[in-house]
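# below is the structure, and that's it, no one-letter string:
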Ligand SMILES: [Zn+2]
Ligand SMILES: [Zn+2]
């Protein structure tokens, strides 16, 4: 007898999960990192595991999950965490517990520094400083002072911290939003939350996020496992997951705004649930 599909899926809605622990009052930002403050993220990452793919999955929604693939917000948020502010207003409407003020308080110091540093550096290469001197907005001495004192700082910070972080963060955002589902999946059912994404076309992005797309599904099933063990176990676990019917290389995910099925189509989720329902009837 073949192994029943989705043998390892969590039971559907049982007792509600306890709320995640509250945020600590205020902590120093981590400067070598130009993305979300880990203390702020801890709270919302636990929430991600509780409600992945639902409207209160703040962590993934803030990086564009559920937005149309061609939306300008999604494009911006892939390259700068500062663009999360554009999405935050949408989340506030769905989740009264989410606070835009807290988001800004925890993340603004580092994200503002990294965004401003990149913009100023770009302006320098485009000759904006010389232009402002030519039209009389910047005094010559002020401009020379910027070149002498600010430019060396920007060169070191952007080349050693900022650009590597942007590269890593952008690859992670592309892969993470590609492997998660949103909007039409059942609540608290890990089977529907992610897919196995190991298509060669995505290898350049996986390179900068430790093969996240191919192994993140294991993390949804075994959350406490460190990332390096997840990769080691993946060689044995992934074939079993494929055998059990987990989704694999669904490259259309982005183009459906991360929905499991097409818009308005409920049958895709129902069809995936069918073997489990039939199994229960047999038992
Ligand atoms: Zn996840
Ligand atoms: Zn996690």
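Thanks, I have the structure now. All of these numbers come straight from a predicted model, not from anything done at the bench. Numbers count the residues shown, from 1 in each chain. Ligands and ions are numbered 1, 2, ... in the order given.
# show me the shaky parts of the stretch 151-283 of the chain.
When residues are selected by pLDDT under 70, those of the stretch 151-283 of the chain lie in 264-268, 271, 273-283.
# how about a cut-off of 80?
Within the stretch 151-283 of the chain, the ranges that satisfy pLDDT under 80 run 263-283.
# which stretches of it form helices?
Under the criterion DSSP state H, counting those that start in this stretch, the stretch 151-283 of the chain carries helices at the ranges 151-157, 163-179, 190-193, 203-206, 212-221, 227-243, 267-282.
# for the ones you listed, which one sits closest to residue 69?
helix 163-179 (9.4 Å; C-beta to C-beta). No exception for glycine: its C-beta is placed from N, CA and C like everyone else's.
# check which helices and strands the helix of greatest length in the chain sits against.
Residue-count comparison of every helix in the chain, with assignments taken from DSSP state H, identifies helix 100-125 as the longest. Judged by 3 or more C-beta pairs under 8 Å, 6 or more residues apart in numbering; DSSP states H and E, helix 100-125 is in contact with helix 38-51, helix 84-94, helix 151-157, helix 163-179.
# which of those helices sits most buried?
Using mean count of other C-beta atoms under 10 Å, the stretch among these with the greatest mean number of neighbours is helix 163-179 (a mean of 20).
# what does that one contact?
Around helix 163-179, the neighbours that count as contacts under C-beta atoms under 8 Å, 6 or more residues apart in numbering are 33-35, 60, 63-65, 74, 77-81, 114, 118, 194-197, 202, 204-209, 212-213, 216-217, 253-254, 258.
# let's have the helices and strands packed on helix 100-125 in JSON lines, adding distance to residue 272.
Formatted as JSON lines, the entries for the helices and strands packed on helix 100-125 read as follows, by distance: least, C-beta to C-beta, whole Å:
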{"stretch": "helix 38-51", "distance to residue 272": "19"}
{"stretch": "helix 84-94", "distance to residue 272": "25"}
{"stretch": "helix 151-157", "distance to residue 272": "47"}
{"stretch": "helix 163-179", "distance to residue 272": "17"}
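# mind putting the helices of the stretch 151-283 of the chain in a markdown table, distance to residue 122 included?
Formatted as a markdown table, the entries for these read as follows, by distance: least, C-beta to C-beta, whole Å:
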| stretch | distance to residue 122 |
| --- | --- |
| helix 151-157 | 10 |
| helix 163-179 | 11 |
| helix 190-193 | 37 |
| helix 203-206 | 23 |
| helix 212-221 | 28 |
| helix 227-243 | 33 |
| helix 267-282 | 43 |
